[in-house]
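A.B. asks: quick one: sequence and predicted model below, then my questions.
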Amino acid sequence: QVQLVESGGGLVQAGGSLRLSCAASGSTFSINSMAWYRQAPGKPRELVAAITSGGTTTYEDSVKGRFTISRDNAKNTVYLQMNNLKPEDTAVYYCAARLSSGWADPDYWGQGTQVTVSS
């Protein structure tokens, strides 16, 4: 079992920055990919960014150049640095972990952290 705990959400003005953190515990040795998803009201959950254990990353098109995902394997923590935030980035952000390769269908989810960007 893997437990994921997010932190770092909050309220920020458009153009501002936030950094989300996700600490993993439990059977962390089994984790391959880690990712951040988000879900805005009335919309489906979407992949924002993901990173493999080897450091390969992928990003949703609307966040490329503004968000950076990174991973500290020694601390079992993944980060999402979000710069130049826009009101449309407002959502609940979820950390996710996948045991096998790939980005889809994570095996574990965090509880989510709210990010609100005011205009």
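C.D. replies: Happy to help now that I have it. Numbers count the residues shown, from 1 in each chain.
A.B. asks: only C-alpha atoms for contact and neighbour calcs from this point on.
C.D. replies: Fine.
A.B. asks: so the most centrally placed residue in the chain is in which element?
C.D. replies: Residue closest to the average C-alpha location in the chain (C-alpha atoms, centre = their mean): Trp36, at 2.2 Å. Element membership of Trp36 [criterion: DSSP states H and E] is strand 33-39.
A.B. asks: what lines up beside that strand in the sheet?
C.D. replies: strand 46-51 (antiparallel), strand 91-98 (antiparallel) (DSSP bridges).
A.B. asks: contacts for that strand next, please.
C.D. replies: Strand 33-39 has contacts (C-alpha atoms under 8 Å, 6 or more residues apart in numbering) with 45-53, 78, 80, 91-103.
A.B. asks: contacting residues for the closest residue to Asn83 other than its chain neighbours?
C.D. replies: Counting by C-alpha to C-alpha, 6 or more residues apart in numbering, Asn83 lies nearest to Ser17, which is 4.4 Å off, once chain neighbours are set aside. Residues in contact with Ser17, defined by C-alpha under 8 Å, 6+ apart, are Gln81, Met82, Asn83, Asn84, Leu85.
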